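**Student:** Could you work out the structure for the sequence below:
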Amino acid sequence: MFKYFIFILKFVYLFYEINIKISTQMQRVRKVRRIQRPPRTTPNSQGPSIVRKPKNTNSKNPSRKVFVKPNDTRQKTVNRNKHLYYENKKKVSSVEPIWQGETVYIIGGGPSLKTFNWNYLAGKKTIAINKAFYAYPNADILYFTDGRFYGWYKDDIDLFKGKKYTVTPGTVKLDPGVNMLKRGQKLGLSKEKDTLCHGNNSGYAAINLAYLLGAKRIVLLGYDMGNDGKKSHFHEGYPTNAVSNSIYANNFMPAFETLYPILKNSGIEIYNANEKSRLNIFPKISLEKALSFK
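**Tutor:** Numbering: from 1, shown residues only. I've put the predicted structure just below:
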């Protein structure tokens, strides 16, 4: 009898211990430690910068971040291309007719200029298109349309001593020395001082620029509008595929057909100084005659 009594006592004691352990675990409160990160700062900032994702979830590049500076409503978007980024749109410039009644020579990039003696242009009013300014750094004006060109050669363009014009969109931050003009219609001839019609190529827009500058006569150099074998330019070309002859024929040259009558009716003479050029819209003359103009 006594043995049974001891057994019951042990059982009750064991049950009591288990009950206490369960109760203790249920009453235990798990403490959560909150970690606070210090505010993120950027160089040259007076306070913390806040990084937010763009609100527009339909954006083509949702991973792009927008940096908002305290007390500053401007937004800065970084472009993947070297030297290119947006920070407010550059103020649009205007073109003054500084060459009123003058003969203006526009230097294209065609292979026909490979052996050209650049000293012949000394003392003449000149516009260099794209990389032509490397061959003739004494050009009065440099013009380019493609924003990539500025990204590729920004350092040298910024050092160019002449005037610089472009109709590059506002997604490119330009040096203060580059004059930004509006990109006008594809066809026609803009008479607005701050706008250029472009014809889908820099050669077309450069003619409109010469007109706004007051040119009475325009001479085209290197407007070959085609490749010479494997050569597409008199220089080494660009970090992209060369323009094919079909692009010249279908995309570039047709636009000039609408430009010539407008220039002619405006009293502007225009000549193509490459007698073998595929651009047959403008009257062709020999290089010797072209260089004889004053």
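
**Student:** Tell me which helix or strand in this structure has the weakest average pLDDT.
**Tutor:** Every helix and strand in the chain was compared by mean pLDDT, DSSP states H and E; the lowest is strand 75-78, with a mean of 33.

**Student:** Which residue ranges of this protein form strands?
**Tutor:** Per DSSP state E, the chain carries strands over the ranges 50-52, 66-68, 75-78, 85-86, 103-107, 125-129, 141-144, 163-166, 178-180, 182-183, 195-196, 217-221, 269-272.

**Student:** rank those strands by pLDDT, which is bottom?
**Tutor:** Mean pLDDT per stretch puts strand 75-78 lowest among the strands of the chain, at a mean of 33.

**Student:** Show the contacting residues for residue 91.
**Tutor:** Neighbour list for residue 91: residue 180 [criterion: CB atoms under 8 Å, 6 or more residues apart in numbering]. Yep, even glycine has a C-beta here, placed from its N, CA and C like the rest.

**Student:** Show the pLDDT at it.
**Tutor:** Value for residue 91, per-residue pLDDT: 87.

**Student:** any idea how far residue 100 is from it?
**Tutor:** For residue 91, the distance to residue 100 (CB to CB, to the nearest Å) stands at 25 Å.

**Student:** ok, back up a step: residue 247: which of the strands of the chain is closest?
**Tutor:** Of all the strands of the chain, strand 125-129 sits nearest to residue 247, with 16.5 Å by CB to CB.

**Student:** Tell me which residues of stretch 149-168 come out buried.
**Tutor:** By 16 or more other CB atoms under 10 Å, the buried positions in stretch 149-168 come out as 149-154, 157, 160, 163-168.

**Student:** Stretch 191-203 too?
**Tutor:** Neighbour counts using 16+ other CB under 10 Å place 194, 195, 196, 197, 198, 199, 201, 202, 203 of stretch 191-203 among the buried residues.

**Student:** before we move on, what about stretch 284-291?
**Tutor:** For stretch 284-291, the neighbour count (16+ other CB under 10 Å) marks 284, 285, 287, 290, 291 as buried.

**Student:** now swap in stretch 125-138 and tell me
**Tutor:** Residues of stretch 125-138 classed as buried by neighbour count (16+ other CB under 10 Å): 125, 126, 127, 128, 129, 130, 131, 132, 133, 135, 136.

**Student:** Run a quick neighbour tally on the nearest residue to residue 216 once chain neighbours are set aside.
**Tutor:** Distances taken as CB to CB, 6 or more residues apart in numbering place residue 101 nearest to residue 216, at 4.7 Å, with adjacent residues excluded. Residue 101: 9 surrounding residues under other CB atoms under 10 Å.

**Student:** Name the nearest residue to residue 104, sequence neighbours excluded.
**Tutor:** Spatial nearest neighbour of residue 104, excluding adjacent residues (CB to CB, 6+ apart): residue 215 at 4.0 Å.

**Student:** which residues in the stretch 151-294 of the chain form helices?
**Tutor:** Counting by DSSP state H, counting those that start in this stretch, one finds helices in the stretch 151-294 of the chain at the ranges 202-212, 245-247, 253-265, 287-290.
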